[in-house]
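Asker: One predicted model, sequence on top.
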Amino acid sequence: MRRASRPHVAVLGRVPGTDLYGDIARNPENEQTPGVFVFRVDSAILYFNAEYIREQFSTYLNALTTPVTLAIWSLSTTASVDLAGAEMLEHLRAAMGKRGIELKLAEARGPVREQLRAAGLEAHFGPIQENMTIAPMVAGWRASTPPSGSLERV
């Protein structure tokens with residue numbers, strides 16, 4: 001129960017030469033995209049760990065020295081999200097929006113997609129699609145973002 005209440009979290013970066021993303025703490029050669037924050041929790045998101053996970057997300061995001069306009073939450077290693085976890089994601093999305101940061105969900109597996117849809121998150125995040133991976137989200141963000149010199153600090 002103790003481990004489940006304080007699960008491992010990771011900030012992700014692009015594995016050089018690929019479209020894959022991995023933990024930068026374990027693989028420092030992974031490349032972070034300036035202006036983008038990619039986060040993953042290696043656990044279910046449940047009522048007893050949702051606040052801890054949100055705090056970890058905020059801590060890592062706030063530690064970045066470059067401004068961020070896109071945050072991506074990878075659900076690739078999340079087996080389940082209960083109602084409290086879904087509410088935490090929605091509250092976090094709203095808080096990020098107030099800071100000028102768009103929060104997107106990526107890589108949700110079948111049962112998690114269904115749990116998020118049942119909780120009504122598509123009304124706030126848009127369609128939670130089957131094959132939405134991190135790389136296309138970053139590419140879309142790059143295509144719609146002005147050059148880095150014109151970004152304002154949030």
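Answerer: On my side now, so go ahead. Residues are numbered from 1 along each chain as shown.
Asker: Next, please give the residue ranges for the helices of this protein.
Answerer: Applying DSSP state H to the chain gives helices spanning 2-5, 50-63, 83-98, 110-118, 122-125, 134-144.
Asker: What's the local residue count around Ala79?
Answerer: Ala79: 12 surrounding residues under other C-beta atoms under 10 Å. No exception for glycine: its C-beta is placed from N, CA and C like everyone else's.
Asker: how far away is it from Leu70?
Answerer: Using C-beta to C-beta, to the nearest Å, Ala79 is found at 25 Å from Leu70.
Asker: got the helices of the chain as TSV, with mean neighbour count and distance to Leu75 columns?
Answerer: As requested, the helices of the chain are exported to TSV (neighbours: other C-beta atoms under 10 Å; distance: least, C-beta to C-beta, whole Å):
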stretch	mean neighbour count	distance to Leu75
helix 2-5	10	17
helix 50-63	16	12
helix 83-98	17	9
helix 110-118	16	5
helix 122-125	14	11
helix 134-144	14	11
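Asker: List the residues that contact Val38.
Answerer: 11-13, 21, 32, 71-72, 74, 134, 138 (C-beta atoms under 8 Å, 6 or more residues apart in numbering).
Asker: repeat that with 7 Å
Answerer: Residues in contact with Val38 (C-beta atoms under 7 Å, 6 or more residues apart in numbering) are 11-12, 21, 72, 74, 134.
Asker: before we move on, what about Tyr47?
Answerer: Contacts of Tyr47 (C-beta under 7 Å, 6+ apart): 82, 84.
Asker: hmm, back to that, counting neighbours, which of the contacts of Val38 comes out on top?
Answerer: With neighbours taken as other C-beta under 10 Å, the top of the contacts of Val38 is Tyr21, carrying 27 neighbours.
Asker: per-residue pLDDT, the spatially most central residue of the chain?
Answerer: Geometric centre of the chain, nearest residue: Trp73, 1.4 Å, by C-alpha atoms, centre = their mean. Looking at Trp73, its pLDDT is 98.
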